[in-house]
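> Sequence and predicted model, in that order:
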Amino acid sequence: MKSTTLMSAVVAMTFGFTAVADAKQPYVPHGPAFSGMGDSLSYTGTTVGGPLYARVEEGTGNACASVSTSATAVNYSTQAFNVGTSGNYDFTSAQGYFDGFITIYADSFSPAAPLANCLFANDDDINGPGNSEILAVPLQAGRTYFVVTSAFANGDADAFTNTITGVGPITLGFAEIISVDTLSTSTLALLGLLLLGAGFVAVRRFS
């Protein structure tokens, strides 16, 4: 497990893969975490070129109702985060040039099981397509959550800005996880050369 986790982190940092949170893989943070100033934090991202999944449908009160039978292959972006104070938090998403959709998960997110751990979902706020909003979401300090941003329909993707606002500080983490088992032979060979080179430099430096 330790070697797989280390390898995953190195691969993610080296090749900059798109963020994917898989419940079957260990959570591997990499790079610095970014904390919001005060009790509000905004971050930007894009779903262009992102992985595909079948998103959930929004039910009454922003509930996660079912797996969509129409939006079965939407591009998505995943962002892990946690909060420093338990209480209610608001989520807004400005998508600009596409009709977006946001979903909030607790503890883990697996695109293969989109209803698992799903807390809330929203397509449009009162302003209509291009804006999503989920208000007064009760969150617990120290628990890991995920915001999944996607399109409402297959084939639609673009940049977005998400904002989280609440009663305490918000810290973003990273959910970029690469399974070594899924890497190609050539990629593994290149990774091996990079690790070998790094080891050689370290030996020369400290010997």
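Good, I have the coordinates.

> can you give me the strands for the chain?
All strands of the chain, identified by DSSP state E, fall at 34-35, 40-46, 52-53, 56-58, 64-67, 74-83, 87-94, 100-106, 118-122, 131-139, 145-151, 159-166, 170-172.

> Is it possible to get CSV of the ones you listed that adds mean neighbour count?
Glycine gets a C-beta too; all of them are placed from N, C-alpha and C. Below are these laid out as CSV (neighbours: other C-beta atoms under 10 Å):
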stretch, mean neighbour count
strand 34-35, 13
strand 40-46, 15
strand 52-53, 19
strand 56-58, 22
strand 64-67, 16
strand 74-83, 23
strand 87-94, 18
strand 100-106, 25
strand 118-122, 21
strand 131-139, 18
strand 145-151, 25
strand 159-166, 20
strand 170-172, 20
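
> Relative to Ala112, which of those is closest?
strand 52-53 (7.8 Å; C-beta to C-beta).

> quick one: average pLDDT of the closest one?
The average pLDDT for strand 52-53 rounds to 97.

> Check which helices and strands it sits against.
strand 74-83 (3 or more C-beta pairs under 8 Å, 6 or more residues apart in numbering; DSSP states H and E).

> Which strands and helices lie in contact with the strand it packs on?
With contacts defined as 3+ C-beta pairs under 8 Å, 6+ apart, the packing partners of strand 74-83 are strand 40-46, strand 52-53, strand 145-151, strand 159-166, strand 170-172.

> partners of it in the sheet?
Strand 74-83 pairs in its sheet with strand 52-53 (antiparallel), strand 145-151 (antiparallel), strand 170-172 (antiparallel), by DSSP bridges.

> May I have that strand exported as PDB, CA atoms only?
Coordinates of each C-alpha in strand 74-83 appear next as PDB, following Å, rounded to 0.1, in the frame of the first residue of the first chain:
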ATOM      1  CA  VAL A  74     -20.700  14.300 -18.700                       C
ATOM      2  CA  ASN A  75     -17.200  15.600 -18.200                       C
ATOM      3  CA  TYR A  76     -16.500  16.500 -14.500                       C
ATOM      4  CA  SER A  77     -13.900  18.000 -12.200                       C
ATOM      5  CA  THR A  78     -13.500  17.000  -8.500                       C
ATOM      6  CA  GLN A  79     -12.300  19.200  -5.700                       C
ATOM      7  CA  ALA A  80     -11.700  17.800  -2.200                       C
ATOM      8  CA  PHE A  81     -12.000  20.200   0.800                       C
ATOM      9  CA  ASN A  82     -12.600  20.300   4.500                       C
ATOM     10  CA  VAL A  83     -13.800  23.000   7.000                       C
END
